[in-house]
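Enquirer: Pasted the sequence and its predicted model underneath.
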Amino acid sequence: MDGAEIRWRAGVSARRAISRPRTWDAAGAKLFGRTPPDWDAALREFRAGVGRPVLLDRARAERIAAAHPTATKAVIDAAEGYLDGEVRLLGYPPAAIGVEIDWNYEPLSGTRWPAIDSERIDHRTAAGDPKWIWELNRLQHLPWLAQSWLFTGEERFAEAAFAHLDSWMDQQPPGIGIAWRGGFECGLRATSIAIALQGLRDSKSLTVQRYARLMTLLAESARRCWTWRSLHSSANNHLIGEMTGLAVVAVLHPELPSAARWEHDALELLVRHADRQLLPDGSGAEQSLAYQVFTAEMLSVVYALLVLREGDPGVASAGADSAPLDSGTVPVFAPGTGASAESLRAAIVRSSRYLAQLVGDDPQPRYGDDDGGFALRLGPEDVRTVREHLGIAQALAPEPQSARIATSTMAAHWLRIALGSQSLAALKPPGSFAAMDSGLAVLRSGRRRVSMDIGALGYLSIAAHGHADALAVTLAQDGAELIGDPGTASYYPEPNWHTVHRSSRVHATVTVDGLDQSVAGGPFLWTDHARVRVRSVDLQRGVIDAEHDGYRRLVEPVTHRRWLIAPPDDRVLTVVDLLSGKGIHTAQLSWPLHPALEVAPIANGHLVTRDGTPALAIGYAGTSPPATNQIRGDEQTDLGWWSERLEQRKPSWLIGALYSGALPLVTITVLVPDRATPLRDLGIAHIGTEIRAQWTDDAPRALVIDTARDGAVHLSTPDR
């Protein structure tokens, strides 16, 4: 942190310590002064939807229930789970929380979080998992209860929702307990409460007294979203979440005294940081696919409410939305919100185009951290897939590139009916592309997708959710993942899992002398970033040439340069690594395999199968001899694991080859999908500025790389 950030953090701490309300009565007095709003009139206007957008209502619920009975039943079943006192959060097994919920108790480890000032709680060293208790206290089940009441008309769902809100407020006074640890939690919780409350607005259980109390909760949450907003090196998805909560409260409850100012301030920051976090090419600045989806969905909640408030969203014309953003197809907004709303729409659309191009018809890839977070849970999905996210984005801003792979969820059903948006004709499958703003190159050929990370470690100075995976390669073939990112595994309960899963060793790149490319300063902090230099990206030829300086920090500095060669008319993939510098070093080349794959080691290579069928043949060679290695499900080193969800992992093969020798050191890896026999006669030499390699698969091959020129690669193939 620089001096300005240190001074800002000190100032925030000082402001938090002064006149913080400790009771709901004190919070109400601070928020509303001596003359609180006329809550009787406010509740009447709230029930009538005066001056605010409406998303959840009974008429739309009836249409959704008739059109989507299976999805409707899934929501009701999820709500019934909470009525029965059982929840499943993150990747943990179901937990019994009882009908009378203790909002500070985590039953999985038996941890009761203390009822003390939230800032005095050290969540990183506690016995329990703060992520689990935060998830519970985000109250993201309340929209399930509200929808179930709308779908069925059964008052028990509304009664349960209000009972949970009452008990939550009784147990969680302002600023006391783990639930108030930061503005981000306030923002996500306020979003869920505000949306659910609107769905419950006609319930007889919503009394004037209860409404006034809930307005105090929402207003205090909004105030803390602003006061505790994440700035400087922390201004990542947390700031988006805080400003989303602030905007949602302000837009849905204009009767609150500060609503107009809150909306203005929230939209100003959302627009500015949407452009910073969702880059011009649509990729995410945090270098995390999951956090990009999370960020875009938080923006989507705010955008949807702005559109609904105008009454005539103007986004329903199928066909017209294939036009550019500046073609006049965007909604017409009232003065004061128009520019902000259009900027949010532009961010959502460019993110959708990028995500659709990345996924295409292939398995959803992963990179960076993934904590499984939701902006708003209208459906009971355990995780949000990219295809589901694109279904939500399509309902907001129809776009043909993503139309072909978008899938509908309950959230998409509500938005599509509320906005009147219609489906578009889908475009053909995407091809190769390079997102240079974030640094990801994708090479496609038929049913094969290969990617290479040529971007930054992460966002801002802490790069909190990035992985040390510079120049990492992934491979999917025929709709199945072969080589990928092993996921996040854990945040708090198993810190070593997270350390290993974001390390260079478990990604498809090269680790030098057993060290990560970048230096970690903590679980969500990188203090020294590897920087990538892109030398050449040739999509037509299928050649990527890039290097990083992460090992220049060594006493004997090393530069890692990699060529990925994947011609579109050739099934063979070739990866050449050059370590240049001084001294003698070891180089571990890694290939993390999907858990469904099995491996047989062979001389200087590996044969990979899926259900007994050949999936991939890999051969290694180098200017020093390779020692192949493979590891699976190792409890001591935590190597050889694959994590689909936070706090879950399963054994998977981590294979590769170890090299040791004086620099320069050159290695080659040849990968042939669907091959059942080993490669033959693989060898490589480094002579002057040339790298020369040869091998035989079905026929002799030869490769020549001129290291003095960027992207200067010549690969002879059987038909050339």
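Expert: The structure has been received and is ready for your questions. Numbers count the residues shown, from 1 in each chain.

Enquirer: switch to C-alpha atoms for all contacts and neighbour counts from now on
Expert: Fine.

Enquirer: so which helix or strand takes in Tyr211?
Expert: Taking DSSP states H and E as the criterion, Tyr211 maps to helix 208-227.

Enquirer: what helices or strands is that helix leaning on?
Expert: helix 24-32, helix 39-48, helix 183-199, helix 237-252 (3 or more C-alpha pairs under 8 Å, 6 or more residues apart in numbering; DSSP states H and E).

Enquirer: most neighbours per residue, which of these?
Expert: Looking across those with neighbours counted as mean count of other C-alpha atoms under 10 Å, the highest average goes to helix 237-252: a mean of 28.

Enquirer: Quick one: classify the residue nearest to the spatial centre of the chain as helix, strand or coil.
Expert: Nearest residue to the geometric centre of the chain (C-alpha atoms, centre = their mean): Ala290, 1.5 Å. Secondary structure, DSSP: H, G, I helix; E, B strand; the rest coil: Ala290 is helix.

Enquirer: surely it meets Pro365?
Expert: No - assessed by C-alpha atoms under 8 Å, Ala290 is found out of contact with Pro365, at 9.9 Å.

Enquirer: that older thread, find the nearest non-adjacent residue to the residue nearest to the centre of the chain, please.
Expert: Asp370 (5.2 Å; C-alpha to C-alpha, 6 or more residues apart in numbering).

Enquirer: ok, residues contacting stretch 405-416?
Expert: Contact partners of stretch 405-416, identified using C-alpha atoms under 8 Å, 6 or more residues apart in numbering, comprise 55-56, 60, 64, 71-72, 304, 356, 360-361, 377-379, 387-396, 422.

Enquirer: Relative to Glu647, which of the helices and strands packed on helix 208-227 is closest?
Expert: With C-alpha to C-alpha as the measure, helix 183-199 is the member of the helices and strands packed on helix 208-227 nearest Glu647 (19.9 Å).

Enquirer: Format the CA atom coordinates belonging to that closest one as PDB.
Expert: Taking Å, rounded to 0.1, in the frame of the first residue of the first chain, the C-alpha atoms of helix 183-199 are listed here in PDB:
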ATOM      1  CA  GLY A 183     -19.500  -3.300   3.800                       C
ATOM      2  CA  PHE A 184     -19.500  -6.200   1.200                       C
ATOM      3  CA  GLU A 185     -21.500  -8.400   3.500                       C
ATOM      4  CA  CYS A 186     -23.900  -5.500   4.100                       C
ATOM      5  CA  GLY A 187     -24.300  -4.900   0.400                       C
ATOM      6  CA  LEU A 188     -25.100  -8.500  -0.500                       C
ATOM      7  CA  ARG A 189     -27.500  -9.000   2.400                       C
ATOM      8  CA  ALA A 190     -29.300  -5.700   1.700                       C
ATOM      9  CA  THR A 191     -29.800  -6.700  -1.900                       C
ATOM     10  CA  SER A 192     -31.500 -10.000  -0.900                       C
ATOM     11  CA  ILE A 193     -33.600  -8.400   1.800                       C
ATOM     12  CA  ALA A 194     -34.800  -5.600  -0.400                       C
ATOM     13  CA  ILE A 195     -35.800  -7.800  -3.300                       C
ATOM     14  CA  ALA A 196     -37.500 -10.400  -1.000                       C
ATOM     15  CA  LEU A 197     -39.300  -7.700   0.900                       C
ATOM     16  CA  GLN A 198     -40.800  -6.300  -2.300                       C
ATOM     17  CA  GLY A 199     -42.100  -9.800  -3.200                       C
END
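
Enquirer: That one to helix 39-48, inter-axis angle?
Expert: Calculated by axes from the mean of the first three to the mean of the last three C-alpha atoms, to 10 degrees, helix 183-199 forms an angle of 80 degrees with helix 39-48.

Enquirer: Quick one: list the elements packing against helix 183-199.
Expert: helix 142-152, helix 208-227, helix 237-252.

Enquirer: could the ones you listed be laid out in CSV, adding distance to Thr409?
Expert: Converted to CSV, the helices and strands packed on helix 183-199 look like this (distance: least, C-alpha to C-alpha, whole Å):
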stretch, distance to Thr409
helix 142-152, 13
helix 208-227, 27
helix 237-252, 21
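
Enquirer: what's the closest of these to Ala29?
Expert: Across the helices and strands packed on helix 183-199, Ala29 has its closest neighbour in helix 208-227 (9.4 Å, C-alpha to C-alpha).

Enquirer: send the alpha carbons of the closest one over as CSV?
Expert: Extracted C-alpha coordinates of helix 208-227, given in CSV (Å, rounded to 0.1, in the frame of the first residue of the first chain):
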residue,chain,number,x,y,z
VAL,A,208,-46.2,-0.9,9.8
GLN,A,209,-44.0,-1.5,12.8
ARG,A,210,-42.1,-4.3,11.0
TYR,A,211,-41.7,-2.2,7.9
ALA,A,212,-40.2,0.7,9.9
ARG,A,213,-37.8,-1.7,11.6
LEU,A,214,-36.8,-3.3,8.3
MET,A,215,-36.2,0.2,6.8
THR,A,216,-33.8,0.9,9.7
LEU,A,217,-32.0,-2.3,8.8
LEU,A,218,-31.8,-1.5,5.1
ALA,A,219,-30.8,2.1,5.7
GLU,A,220,-28.1,1.2,8.2
SER,A,221,-26.8,-1.4,5.8
ALA,A,222,-26.7,1.2,3.0
ARG,A,223,-24.9,3.7,5.2
ARG,A,224,-22.3,1.1,6.0
CYS,A,225,-21.9,0.2,2.3
TRP,A,226,-20.8,3.7,1.7
THR,A,227,-18.9,4.4,4.9
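
Enquirer: Show me what counts as buried in it.
Expert: For helix 208-227, burial by neighbour count (16 or more other C-alpha atoms under 10 Å) applies to 208, 211-226.

Enquirer: Okay, and the spatially closest residue to Leu239 that is not a sequence neighbour sits in which element?
Expert: The shortest distance from Leu239 to any non-neighbouring residue, by C-alpha to C-alpha, 6+ apart, is to Ser230 (5.0 Å). Using DSSP H and E, Ser230 maps to neither a helix nor a strand.

Enquirer: what residues are up against Ser230?
Expert: By C-alpha under 8 Å, 6+ apart, the neighbours of Ser230 are 183, 236, 238-239, 242.

Enquirer: Distance of it relative to Val99?
Expert: Ser230 sits 35 Å away from Val99, going by C-alpha to C-alpha, to the nearest Å.

Enquirer: one step back: mean pLDDT lowest for which of the helices and strands packed on helix 208-227?
Expert: The minimum mean pLDDT among the helices and strands packed on helix 208-227 belongs to helix 24-32 (a mean of 93).

Enquirer: ok, residues contacting it?
Expert: 21, 173-174, 216-217, 219-220, 257.

Enquirer: chain center to it: distance?
Expert: 36 Å (C-alpha atoms, centre = their mean, to the nearest Å).

Enquirer: what does stretch 451-460 give?
Expert: 14 Å.

Enquirer: Can you get me the start-to-end distance on it?
Expert: End-to-end distance of stretch 451-460 (C-alpha to C-alpha): 24 Å.

Enquirer: Touching that stretch from outside, list them.
Expert: Taking C-alpha under 8 Å, 6+ apart as the rule, stretch 451-460 contacts 233-234, 236, 285-287, 436-443, 463-475, 518, 529-534, 546, 564.

Enquirer: Run the chain-centre distance for the helix holding Tyr211.
Expert: In terms of C-alpha atoms, centre = their mean, the centre of helix 208-227 is found 29 Å from the chain centre.

Enquirer: Show me what the mean pLDDT comes to for it.
Expert: Average pLDDT, helix 208-227: 97.
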